[in-house]
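Undergrad: I would like the atomic coordinates for the input below:
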Amino acid sequence: MNKPETLNKDKKTKANLFPDKREHYYSLVQKIAFFCTKENNVLYKRMHSSVQEYKNTSNTNQKMKSKDMYIFLSNVKFYARHGVGAQETLVGNTFIVDLRLKLDFSKAAESDDLNLTISYADVYKAVKAEMKTPSLLLEHVSQRIINRLFHDFPTVEAIDLKLAKQNPPMGADIDCAGVEMHCER
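TA: I've put the predicted structure just below:
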């Protein structure tokens with residue numbers, strides 16, 4: 001049995017401190033070294049097979065199938081003059097829009113090309129333009145926004161819109177009140 005250099009008799013080691021345990025110590029060191037080598041080999045094989053499996057699946061160019069895709073704008077605030085009361089049309093109020101547009105942007109996801117999807121900046125501009133036009137009812141404003149988005153963005157399949165008025169003048173302790181709409185082409 002070959003003994004490691006560091007464990008010879010001239011150096012003070014655990015083997016020298018306990019001479020009767022020397023052979024056991026060498027045997028233990030060899031077993032640990034063998035185990036580590038074997039364990040590393042097993043880990044290497046597992047890692048290598050995982051990398052190969054990943055390479056095989058990425059090389060097949062399988063397209064993922066997405067069921068639903070959405071572009072959304074969340075908690076967008078506008079100051080506008082919508083409402084039935086004189087105070088609402090004179091002073092105005094803060095309105096919050098949450099919007100979700102369903103469309104297929106899988107080609108844009110693959111190609112990183114903005115022309116193959118809808119820019120949410122353009123969506124914001126369209127909503128902002130509609131929010132500038134005063135209306136009595138939030139229902140009417142919501143319908144105008146949805147009509148505009150369907151007109152401006154023909155690839156949109158469906159729209160979820162939530163339009164809320166903050167602190168509406170109705171004598172209640174309330175954060176907001178509003179309407180929600182879901183429309184499909």
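
Undergrad: for the closest residue to residue 92 other than its chain neighbours, what are its contacts?
TA: Spatially, and ignoring its direct neighbours in sequence, residue 92 is nearest to residue 81 (4.4 Å; CB to CB, 6 or more residues apart in numbering). The C-beta positions use only the backbone N, C-alpha and C, and glycine is treated the same way. Counting by CB atoms under 8 Å, 6 or more residues apart in numbering, residue 81 makes contact with 88, 89, 90, 91, 92, 93, 134.

Undergrad: where's residue 87 relative to residue 77, distance?
TA: Look at residue 87 and residue 77: by CB to CB, to the nearest Å, they are 20 Å apart.

Undergrad: same check, this time on residue 68
TA: Counting by CB to CB, the gap from residue 68 to residue 77 is 27 Å.

Undergrad: which SS state does residue 145 fall under?
TA: The three-state label given to residue 145 by DSSP: H, G, I helix; E, B strand; the rest coil is helix.

Undergrad: ditto for residue 79
TA: Three-state call for residue 79 (three-state DSSP): strand.

Undergrad: Select from the contacts of residue 81 every entry located in helices.
TA: 88, 89, 90 (DSSP state H).

Undergrad: Tell me, how many residues neighbour the last one?
TA: Think residue 90. Counted with other CB atoms under 10 Å, the neighbours of residue 90 add up to 9.

Undergrad: now swap in the one 3 residues further on and tell me
TA: Applying other CB under 10 Å, we find 19 other residues in the vicinity of residue 93.

Undergrad: my guess is it meets residue 164, correct?
TA: No: applying CB atoms under 8 Å, one finds residue 93 not in contact with residue 164, separated by 10.3 Å.

Undergrad: Distance to residue 102 and pLDDT for the ones in helices among the contacts of residue 81 - can I get that in JSON lines?
TA: Listed next are the ones in helices among the contacts of residue 81 as JSON lines, based on distance: CB to CB, whole Å; pLDDT from 0 to 100:
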{"residue": "88", "distance to residue 102": "32", "pLDDT": "86"}
{"residue": "89", "distance to residue 102": "34", "pLDDT": "86"}
{"residue": "90", "distance to residue 102": "38", "pLDDT": "89"}
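
Undergrad: Nearest to residue 174 among the residues you listed?
TA: Nearest to residue 174 among those, counting by CB to CB, is residue 88 at 14.9 Å.

Undergrad: how about the closest one, what does it touch?
TA: Residues near residue 88 by CB under 8 Å, 6+ apart: 81, 82, 169.

Undergrad: thought the last one was touching residue 86?
TA: No: look at residue 169 against residue 86 with CB under 8 Å: they stay out of range, at 10.2 Å.
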